[in-house]
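1. pasted the sequence and its predicted model underneath.
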Amino acid sequence: MVMTLPFEVGLVVRNLEVMERFYCDVLGCRAEHRSRVPASVAGPAGLGGELTAVWLRVPSGGCVKLILHRSAPVSAHVAALPARRPGLSYITFHVDDMGPVVAALPAAGARPLSDPVVVQAHGRRISFWADPEGNVVELVDARGHDPVPGHSN
């Protein structure tokens, strides 16, 4: 088997506009395609009915696909620690400079999940955040020696 396109991850959202703005404005993704998927296609495909999908290209490759169902999504119980929850736990973004991203996240509706906000480990800085809808985002910065202003390291 040969993969023909970069990896995609689908993320079911409650507010498409807020989530698109978050992933584009803060994490540098770019909206590439938007499509309404009718129930006649989404139902048989196992997606549960009519939806809107927006493909966001990640600058380093790959794609985050935001999915908004016409009907309200079912709430899921979220474990306090993402690595203890079965299934998809978090999305990782590798960045060249974590400082500006960490500084922009709170104003974009994200909240830190790590304490301290930025942790140094094995020559890298890592930081876990909940996006505006509670999905966990990990940031990884290979510049582990260069602290983020205003945050413990």
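-> Here it is on my side, so go on. Keep in mind the model is a prediction, meaning the values are calculated, not measured. Numbering: from 1, shown residues only.

2. assign the residue of the chain most remote from its centre to helix, strand or coil.
-> Largest separation from the mean C-alpha position in the chain: residue 40, at 28.4 Å (Cα atoms, centre = their mean). What DSSP: H, G, I helix; E, B strand; the rest coil gives for residue 40 is helix.

3. gap between it and residue 67?
-> The gap separating residue 40 from residue 67 is 17 Å, by Cβ to Cβ, to the nearest Å. To be clear about C-beta, it is placed using only N, CA and C from the backbone, and glycine gets the same treatment.

4. the helix or strand of the chain with the lowest mean pLDDT: how far from the chain's middle?
-> Lowest by mean pLDDT, DSSP states H and E among the helices and strands of the chain is helix 39-42, with a mean of 86. Computed by Cα atoms, centre = their mean, to the nearest Å, the chain-centroid distance of helix 39-42 equals 26 Å.

5. show me what it is packed against.
-> Helix 39-42 is packed against no helix or strand, with contacts defined by 3 or more Cβ pairs under 8 Å, 6 or more residues apart in numbering; DSSP states H and E.

6. buried stuff in it?
-> By 16 or more other Cβ atoms under 10 Å, the buried positions in helix 39-42 come out as residue 42.

7. what of stretch 14-26?
-> Those would be 16, 19, 20, 22, 23, 24, 26, for stretch 14-26 by 16+ other Cβ under 10 Å.

8. who touches it?
-> 11, 13, 29-31, 52, 54, 56, 64, 66, 68, 72-73, 101, 104-105, 108-110, 131-133 (Cβ atoms under 8 Å, 6 or more residues apart in numbering).

9. so which of these belong to helices?
-> Counting by DSSP state H, these place 101, 104 in helices.

10. give me the buried entries from the contacts of stretch 14-26.
-> 11, 13, 29, 54, 56, 64, 66, 68, 101, 105, 108-110, 131-132.

11. what's the most distant pair in those?
-> Farthest pair in these (Cβ to Cβ) is 68 and 101. Separation: 24.7 Å.

12. start to end distance for stretch 97-112?
-> Start-to-end span of stretch 97-112 (Cα to Cα, to the nearest Å) is 17 Å.

13. mind pulling up the pLDDT for residue 24?
-> We have a pLDDT of 97 for residue 24.

14. what backbone torsions are found at it?
-> phi -80, psi -50 (degrees, to the nearest 10).

15. how close does it get to residue 47?
-> 23 Å.
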